[in-house]
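**Q** Take a look and give me a structure for this.
(one chain, ligands or ions: 2)
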Amino acid sequence: MDKSCLVSDTQTVPREEPFVSSYRLGAHELGRGKFAVVRKCVELASGKEYAAKFLRKRRKGEDCRSDIINEIAILEMARFSPYVVDLHEVYETNSEIILVMEYAAGGEIFEQCVADQDEGFTEKDVVRLIRQILQGVLHLHRSNVVHLDLKPQNILLTSNNPLGDIRIVDFGLSRRVDAIKEIREILGTPEYVAPEVLNYEPISTATDMWSIGVLTYIMLTGVSPFLGDTKQETFLNISQVNIQYAQEEFEGISDLAIDFIKCLLMKNPRKRMRADQCLKHPWLSSPNDCEALEETTIEEKEVEAPELSEELVLLASYTV
Ligand code: ADP
Ligand code: MG
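**A** Ligands and ions are numbered 1, 2, ... in the order given. Below is the predicted model of the structure:
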């Protein structure tokens, strides 16, 4: 992607003294990507735990420092959102930049998504967590930033048992939305990318909203809705919005939840709900009862939100 859409102004000054003079590194890795390793560490002065992301500056023979600075700048912009991981400090060596972040002890929500049903999320949990994800994403979108890699591996929890709060991580693909000129490569992970990404069409904040639709589906059912046997099949499923709301997977899940997902998995990005509209959707504004429908007038819904299913509109007119 064109480097001009990277954010380059940061406030954090990278420290140049050795990282290990201030931190003790934990033995095991918390995670690993193509160009980064994340390890738990303890700050010697405070005894506090952090997560350190070690990012290589040179990748495939190319200088990628500006990509890492972009990641730092975006974490700084999101500093005031409680649902975006907190950046503590930054170190720089000849070969690496190290981001010292708040440690999210509950790990990836991915683990609960693939867990057996009795250990997975309940719909009530998902309502609470999706609301937090939306508040974090709304904060980003209001700052004109798109995440572009929202998936269960990049959404962490502060604790596991009891279930804590959300922390959004991994701003490696994030961009200033007003600066994106064109896309020449497919960003993100196939299962979660929006149709416009596959078609090399303009990316916008709506691109994240698609991923939140996929995320909600997975958190509720444990199933990845567009995943095919091959990458091609997955891409085809996405561009045709080939999705099923099978009875067995959605057993016990409310119609409001399905309606919420449908309002996000719309091929046309302009028809998708925005983050602020999602937070007003009856599934989230009042879980498990219909009070929310009384709060928002039908008129408002018709203007702002994409069409609700017939059933819901009926329900709305009944309660009003
Ligand atoms: P990558 O760009 O390589 O995907 P991420 O920032 O997503 O890097 O980090 C990789 C993995 O490391 C995450 O999926 C998560 O499991 C773990 N991780 C990242 N940040 C933290 C954190 N602050 N606390 C705990 N684990 C983390
Ligand atoms: Mg990641």
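**Q** Tell me who's in contact with the closest residue in space to Thr205 that isn't next to it in sequence.
**A** Leaving aside its sequence neighbours, Thr205 sits nearest to His141 (C-beta to C-beta, 6 or more residues apart in numbering; 4.3 Å). Backbone N, C-alpha and C define where each C-beta goes, glycine included. Contacts here follow C-beta atoms under 8 Å, 6 or more residues apart in numbering; on that basis His141 touches 177, 205, 208, 274-275.
**Q** Can you show me the CA trace of the longest strand belonging to the chain as PDB?
**A** The residue-count maximum for a strand in the chain (DSSP state E) belongs to strand 23-32. C-alpha atoms of strand 23-32 as PDB (Å, rounded to 0.1, in the frame of the first residue of the first chain):
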ATOM      1  CA  TYR A  23      12.500  -5.200  32.100                       C
ATOM      2  CA  ARG A  24      12.700  -8.900  32.800                       C
ATOM      3  CA  LEU A  25      11.400 -11.000  29.900                       C
ATOM      4  CA  GLY A  26       9.100 -13.900  30.500                       C
ATOM      5  CA  ALA A  27      10.000 -17.300  29.200                       C
ATOM      6  CA  HIS A  28       7.200 -18.000  26.800                       C
ATOM      7  CA  GLU A  29       5.700 -16.100  23.800                       C
ATOM      8  CA  LEU A  30       2.300 -14.600  24.000                       C
ATOM      9  CA  GLY A  31       2.000 -14.600  20.200                       C
ATOM     10  CA  ARG A  32       3.800 -14.400  17.000                       C
END
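**Q** And that strand, what does it pack against?
**A** Packing contacts for strand 23-32, counted by 3 or more C-beta pairs under 8 Å, 6 or more residues apart in numbering; DSSP states H and E, involve strand 36-43, strand 49-56.
**Q** Please work out the average pLDDT along the following helix or strand past the last one.
**A** This means strand 49-56. Per DSSP states H and E, the first helix or strand lying C-terminal to strand 49-56 is strand 58-59. Strand 58-59 shows a mean pLDDT of 92 in the predicted model.
**Q** and strand 58-59, how far from the chain's centre?
**A** With C-alpha atoms, centre = their mean, to the nearest Å as the basis, strand 58-59 stands 25 Å off its chain's centre.
**Q** hey, which of the helices and strands packed on strand 23-32 is tucked in deepest?
**A** Compared across the helices and strands packed on strand 23-32, strand 49-56 shows the largest average neighbour count, a mean of 20 (mean count of other C-beta atoms under 10 Å).
**Q** what about that one, near ligand 2?
**A** No: Strand 49-56 lies out of reach of ligand 2 by C-beta under 5 Å from the ion, never closer than 9.5 Å.
**Q** Contacts for that strand next, please.
**A** Residues from elsewhere that reach strand 49-56 (C-beta under 8 Å, 6+ apart): 19, 23, 25, 30, 35-43, 64, 68, 71, 88, 95-105.
**Q** if we go to 7 Å?
**A** With contact meaning C-beta atoms under 7 Å, 6 or more residues apart in numbering, strand 49-56 is reached by 23, 30, 35-43, 68, 88, 95-104.
**Q** so where do the strands sit in the stretch 1-150 of the chain?
**A** Using DSSP state E, counting those that start in this stretch, the strands found in the stretch 1-150 of the chain span residues 23-32, 36-43, 49-56, 58-59, 62-63, 87-92, 96-102, 107-108, 145-146.
**Q** The last one - contacts with which helices or strands?
**A** For strand 145-146, the packing partners by 3 or more C-beta pairs under 7 Å, 6 or more residues apart in numbering; DSSP states H and E come out as helix 205-221.
**Q** Which strands or helices does the helix it packs on pack on?
**A** Against helix 205-221 (3+ C-beta pairs under 7 Å, 6+ apart) you get helix 109-113, helix 123-142, strand 145-146, helix 255-264.
**Q** Using JSON lines, lay out those together with mean pLDDT.
**A** Formatted as JSON lines, the helices and strands packed on helix 205-221 follow (pLDDT from 0 to 100):
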{"stretch": "helix 109-113", "mean pLDDT": "93"}
{"stretch": "helix 123-142", "mean pLDDT": "98"}
{"stretch": "strand 145-146", "mean pLDDT": "96"}
{"stretch": "helix 255-264", "mean pLDDT": "98"}
